[in-house]
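Colleague: sequence and predicted model, in that order:
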Amino acid sequence: MNDHMRQRQNCERFGAAFILSEPSAKVGIALGTLTQSPLNALRHKPEGDTCGWYIWGGEVLSDAPDFFQPLHVEHLSAICADLVPYLGLGPGWRVLLAPGQEDVWFDRALTGN
């Protein structure tokens, strides 16, 4: 099954509209944290050449200006494959993955409403 089909299935499973994260769009990713658990992701509204996703590992979301680095969506499967099935979830969605744990929820605060 390809990535887009898995993303659509997850959107159906969580009752969310499918919003494509274009392969050429950028995510913000904290590359130095990806070995930490849990793996976290949240999606803001896409702006410019970004898709709105921010990804990091661990319990702490740093506010350091260099915490996130830009990465094209098309490279995520090689770096952070576990999150690729969730990339179709729209702005406001959050994902937390840990061994034996999958938490996916809508956070209205991320949409500014």
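Modeller: Happy to help now that I have it.

Colleague: top helix in the chain by residue count?
Modeller: Assignment by DSSP state H gives helix 3-14 as the longest helix of the chain.

Colleague: gap between it and the chain center?
Modeller: Offset of helix 3-14 from its chain centre (CA atoms, centre = their mean, to the nearest Å): 13 Å.

Colleague: which other residues reach that helix?
Modeller: 16-18, 20, 77, 84-89, 93, 104 (CB atoms under 8 Å, 6 or more residues apart in numbering). C-beta coordinates here come from the backbone N, C-alpha and C atoms, glycine included.

Colleague: list the buried residues in that helix.
Modeller: Asp3, Gln7, Arg8, Asn10, Cys11 (16 or more other CB atoms under 10 Å).

Colleague: does the most centrally placed residue in the chain sit in a helix or strand, and which one?
Modeller: Nearest to the mean C-alpha position of the chain, counting by CA atoms, centre = their mean, stands Ala41 at 4.0 Å. Using DSSP states H and E, Ala41 maps to strand 39-43.

Colleague: per-residue confidence averaged over the helix or strand that the longest helix of the chain is followed by?
Modeller: With elements assigned by DSSP H and E, the helix or strand that comes after helix 3-14 is strand 26-29. The pLDDT scores in strand 26-29 average 97.

Colleague: packing partners for strand 26-29?
Modeller: Other elements packing on strand 26-29 under the criterion 3 or more CB pairs under 8 Å, 6 or more residues apart in numbering; DSSP states H and E are strand 50-57, strand 69-72, helix 76-79.

Colleague: rewinding a little: nearest to Gln36 among the buried residues of helix 3-14?
Modeller: Nearest to Gln36 out of the buried residues of helix 3-14 is Asn10 (CB to CB; 23.2 Å).

Colleague: quick one on the thing from earlier: widest-spaced pair of the contacts of helix 3-14?
Modeller: Spatial extent of the contacts of helix 3-14 (CB to CB) is set by the pair Ala17 and Ser77 at 22.5 Å.

Colleague: could you find the closest non-adjacent residue to His44?
Modeller: Gly52 (4.4 Å; CB to CB, 6 or more residues apart in numbering).

Colleague: kind regards, and thank you for your time.
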